[in-house]
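[1] build me a structure from this.
(one chain, ligands or ions: 1)
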Amino acid sequence: MTPKRILIADDEPLYRETTAEFLREEGYECVCVEDAEDASTVAAEHSFDLILTDLNMPGNLKLEWLHEGRTRHSQIPMIVVTGVPSIPSAIESIRLGITDYLLKPVKFEELLAAVEKALSSAARQTWATASVESTNPGRYPSTGETTFNDNLANESPANNSLANNSLDGEATSSVIGSCESMAEIKRIVQKIASSNTNVLITGESGTGKEVIARLIHRLSDRANHTFQVIDCTAIPESLFESVLFGHVQGAFTGAVRDQTGLLRASDGGTAFLDELGELPAASQAKLLRLIQEQTFTPVGETESIRVDTRFVCATNRDIHAEVESGQFRRDLYYRLAVIHLELPPLRERGDDITLLANHFLKLLRPKDSNVKSFAESTVQCFHHYRWPGNIRELRNVVERSIALAQSNVIEPHDLPRPLREPSVSESLSVAELAEVSRDEALDTADRTYLKTLLSKHRGVIASAARQAGLSRQGMNKLLKRHGIDANEFRQTTDF
Ligand SMILES: Nc1ncnc2c1ncn2[C@@H]1O[C@H](COP(=O)(O)OP(=O)(O)OP(=O)(O)O)[C@@H](O)[C@H]1O
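    Take a look at the predicted model:
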């Protein structure tokens with residue numbers, strides 16, 4: 001797989017070079033520039049998968065480069081890393097749709113997590129675009145099988161024609177899945193969509209929490225209003241109120257004009273609080289007040305504003321455990337989880353795996369491709385695999401296999417290695433153990449351990465090394481000795 005390309009724009013040479021070196025060790029290709037002008041030129045001439053940029057650097061003093069990056073290169077996720085945080089610039093960054101806003105000094109692990117997250121969201125976005133392209137103007141693809149344009153940032157009211165009750169069935173069937181647990185979830189969604197109750201959706205990453213949130217919105221009476229996505233991880237704690245509630249001119253140094261917050265847009269509609277489990281305690285308290293009173297006060301304002309918003313929240317954390325351990329407020333949990341939907345992981349959805357794979361095959365197959373189906377043995381591989389990245393991972397695997405297929409049928413050899421070898425274990429049977437040397441037995445166990453670890457950490461050497469208690473260099477040496485390529489474990493989970 002070709003490495004992802006990252007453009008690093010920062011006028012601090014030390015930060016720039018150490019970041020690039022670290023990311024290169026993780027398998028990324030990095031290009032460094034020292035100011036906005038160079039960033040603009042290089043971004044226009046080369047393709048990148050991600051932009052990591054400073055704010056306070058020559059050529060970006062009025063956020064010109066940030067604006068350019070978000071308009072001319074809107075498909076490339078952008079992460080801001082700044083040593084001089086300011087509320088207006090943070091709000092503007094979030095408004096412009098930057099993927100993350102990090103404060104220097106940033107820990108490498110945090111940076112890596114943000115990079116991986118941004119790249120995986122971009123992959124989702126790409127698919128969303130593919131979905132839109134393959135749908136007919138009436139929103140549904142001519143195959144009759146629907147796609148859910150579920151990852152467009154915020155659903156504009158004009159797009160919400162699915163509110164129409166006669167389309168309920170179609171909207172629901174756009175969420176592929178007929179196993180018992182998904183059928184039950186769809187049934188509950190249909191029942192509660194038009195009530196105003198808040199909903200909490202939990203489940204592993206990639207199980208379709210946002211898809212279900214959008215379905216709830218579309219089936220509700222709020223469908224003609226905005227579906228406002230609020231990614232809790234993208235809002236720095238100190239800016240929670242400003243970003244959500246807005247502020248008035250002069251409310252604090254740098255508040256040069258009034259700014260409406262994200263919440264105002266969701267009046268009459270639905271606010272989707274994604275990654276709720278990441279909210280720090282202070283922000284949880286502010287959110288609780290908002291939900292209890294359905295009012296908020298912009299920073300610097302005295303009058304409160306009433307909003308009519310339904311809250312649908314999602315998290316892939318074990319929120320019960322967090323409530324029990326005191327990390328998440330119990331009172332807030334009860335307010336938000338009036339209805340709690342737990343989405344099953346893909347590996348527990350039985351034949352839905354095949355349904356979804358066929359759905360993605362139809363959806364993602366280029367018009368001129370002659371790839372038509374999966375071999376029976378390929379379907380078997382799908383059923384034996386654990387799918388740590390769930391449906392998002394399946395979509396990526398199908399897309400990749402279409403591109404690599406050597407005939408019109410997708411065979412197991414077209415799949416990434418971990419799918420072909422679902423059990424990364426190469427353990428020896430007792431009979432075999434009796435025949436090999438101790439070194440050979442230990443070597444086999446070590447290889448199994450390393451593969452399991454890489455599989456769990458999705459090929460990210462730094463986190464695998466951390467768990468193993470090794471340095472990155474030590475881990476790299478071991479992998480080299482065993483001939484294991486960490487990238488192979490990235491492929492399936494690059495979702
Ligand atoms: N039932 C489904 N039918 C069709 N596509 C689905 C379904 N569920 C999920 N998907 C697709 O899988 C991908 C992941 O879905 P989504 O973003 O909703 O997951 P998530 O649980 O919110 O993920 P995360 O926790 O990482 O934010 C998207 O591309 C989405 O369209």
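[2] residues from the stretch 201-350 of the chain in reach of the ligand?
    By the rule Cβ under 6 Å from any ligand atom, the part of the stretch 201-350 of the chain lying against the ligand is 203, 205, 206, 207, 208, 209, 210, 211, 274, 314, 316. C-betas here are computed from N, CA, C, even on glycine.
[3] among the residues you listed, which are in helices?
    Of those, the ones assigned to helices by DSSP state H are 209, 210, 211.
[4] ok, the second one to residue 261 distance?
    In this case it means residue 210. Per Cβ to Cβ, to the nearest Å, residue 210 is found 21 Å from residue 261.
[5] secondary structure class for the residue nearest to residue 300 when sequence neighbours are not counted?
    Using Cβ to Cβ, 6 or more residues apart in numbering and skipping residues adjacent in sequence, the residue nearest residue 300 is residue 251, 2.6 Å away. Following DSSP: H, G, I helix; E, B strand; the rest coil, residue 251 is assigned to coil.
[6] quick one: residue 251 and residue 299 touch, right?
    Yes: counting by Cβ atoms under 8 Å, residue 251 touches residue 299, with 4.6 Å between them.
[7] okay, now residue 37: neighbour count?
    16 (other Cβ atoms under 10 Å).
[8] just the one 3 residues further on next, same as before
    By other Cβ under 10 Å, the residues close to residue 40 number 20.
[9] which SSE is it in?
    Residue 40 is part of helix 36-45, with elements assigned from DSSP states H and E.
[10] the stretch 351-495 of the chain against the ligand: which residues are in contact?
    391, 392, 395.
[11] picking that back up, I'd like the next helix or strand past the helix holding residue 40.
    Assigned by DSSP H and E, the successor of helix 36-45 is strand 50-53.
[12] what's the following helix or strand after that next one?
    helix 64-72.
[13] show me what that next one is packed against.
    helix 36-45, strand 50-53, strand 78-82 (3 or more Cβ pairs under 8 Å, 6 or more residues apart in numbering; DSSP states H and E).
[14] let's see it at 7 Å
    Packing contacts for helix 64-72, counted by 3 or more Cβ pairs under 7 Å, 6 or more residues apart in numbering; DSSP states H and E, involve helix 36-45, strand 50-53.
[15] give the rounded mean pLDDT of that helix.
    Mean per-residue pLDDT for helix 64-72: 83.
[16] please apply the same query to stretch 209-223.
    On average, stretch 209-223 scores 94.
[17] ok, whichever residue of the stretch 101-250 of the chain sits closest to the ligand - how many residues close by?
    Closest approach between the stretch 101-250 of the chain and the ligand, counting by Cβ to the nearest ligand atom: residue 208, at 2.5 Å. As a burial measure, residue 208 scores 26 neighbours (other Cβ under 10 Å).
[18] what do you get for residue 462?
    So residue 462, with other Cβ under 10 Å, has 17 neighbours.
[19] now the strand or helix carrying it: how far from the chain's centre is it?
    Secondary structure from DSSP H and E places residue 462 in helix 461-468. Here the centre of helix 461-468 is set off from its chain's centre by 22 Å, with Cα atoms, centre = their mean, to the nearest Å.
[20] name the next helix or strand downstream of it, please.
    The C-terminal neighbour of helix 461-468 among helices and strands, as given by DSSP H and E, is helix 472-482.
[21] ok so, going back, need the ones in helices among the residues of the stretch 201-350 of the chain next to the ligand in a markdown table (columns: neighbour count and distance to residue 194).
    Output for these, formatted as a markdown table (neighbours: other Cβ atoms under 10 Å; distance: Cβ to Cβ, whole Å):
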| residue | neighbour count | distance to residue 194 |
| --- | --- | --- |
| 209 | 24 | 20 |
| 210 | 20 | 20 |
| 211 | 18 | 19 |
